[in-house]
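Visitor: Mind looking at a prediction? Sequence and model below.
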Amino acid sequence: MTRPNTPDRINADGSKTITTKRACNGCGQLLGDITDAEMALAIAGQSLPDVRRECPTCAQTAPEPACRPMRIVAGDATCLALKCDHELTTGEYCDEVAEQVICGTHSDITNGSEIVRAEPWPCKHSKAVTA
């Protein structure tokens with residue numbers, strides 16, 4: 001995965017707009033823009049995933065990334081958007097929506113936070129990160 005690398009921009013009023021960057025965990029080389037998922041982890045006070053495999057210097061010796069459990073709600077898009085006509089259960093969603101735990105490391109998640117492929121938890125790829 002190649003990260004976008006948005007350059008700093010000087011605005012008309014003289015202020016500067018920057019995009020948060022991600023650095024390699026091994027050597028500190030800037031790799032590009034932070035992803036939405038990484039920003040959400042940072043805001044929640046959680047550690048960011050190891051990105052040494054994305055680094056041209058450290059990729060060859062980088063360990064397999066640790067599995068991270070991620071709690072999600074899954075179901076029909078209209079149910080998730082609360083626009084369905086199903087009965088609500090205890091909570092916000094209807095009975096067509098279920099909470100699940102997936103491996104956030106090995107699932108395919110777009111920058112828009114859409115889960116394309118969910119790897120079940122516990123993950124079979126590697127050992128888990130302890131919270």
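Guide: All right, it came through fine. Numbering: from 1, shown residues only.
Visitor: Low-confidence ranges, this protein, go.
Guide: Along the chain, segments meeting pLDDT under 70 span 1, 89-91, 111-113, 126-131.
Visitor: middle-most residue in it, spatially?
Guide: A37 (2.6 Å; C-alpha atoms, centre = their mean).
Visitor: Tell me if I am right that that residue is in a helix.
Guide: Yes - with DSSP: H, G, I helix; E, B strand; the rest coil as the criterion, A37 is part of a helix.
Visitor: all strands for the chain, in order.
Guide: 9-10, 16-17, 21-23, 30-33, 69-74, 98-109, 115-120 (DSSP state E).
Visitor: okay, the angle between the longest one and strand 69-74?
Guide: Right, strand 98-109. Per axes from the mean of the first three to the mean of the last three C-alpha atoms, to 10 degrees, the angle that strand 98-109 makes with strand 69-74 is 110 degrees.
Visitor: picking that back up, among the strands of the chain, which is nearest C58?
Guide: C58 sits nearest to strand 30-33 of all the strands of the chain, at 10.1 Å, using C-beta to C-beta. (Each C-beta comes from the backbone N, C-alpha and C, glycine too.)
Visitor: So what are the sheet partners of that closest one and their directions?
Guide: Strand pairing for strand 30-33, determined by DSSP bridges: strand 21-23 (antiparallel).
Visitor: which of the residues in the partner strand are buried?
Guide: Neighbour counts over strand 21-23 (16 or more other C-beta atoms under 10 Å) mark R22 as buried.
Visitor: List the contacts of it.
Guide: R3, N5, Q29, L30, L31, G32, D33, I34, T35, E38, L48, V51 (C-beta atoms under 8 Å, 6 or more residues apart in numbering).
Visitor: Repeat the analysis, applying 7 Å as the threshold.
Guide: The contact list for strand 21-23 (C-beta atoms under 7 Å, 6 or more residues apart in numbering) reads R3, Q29, L30, L31, G32, D33, I34, E38, V51.
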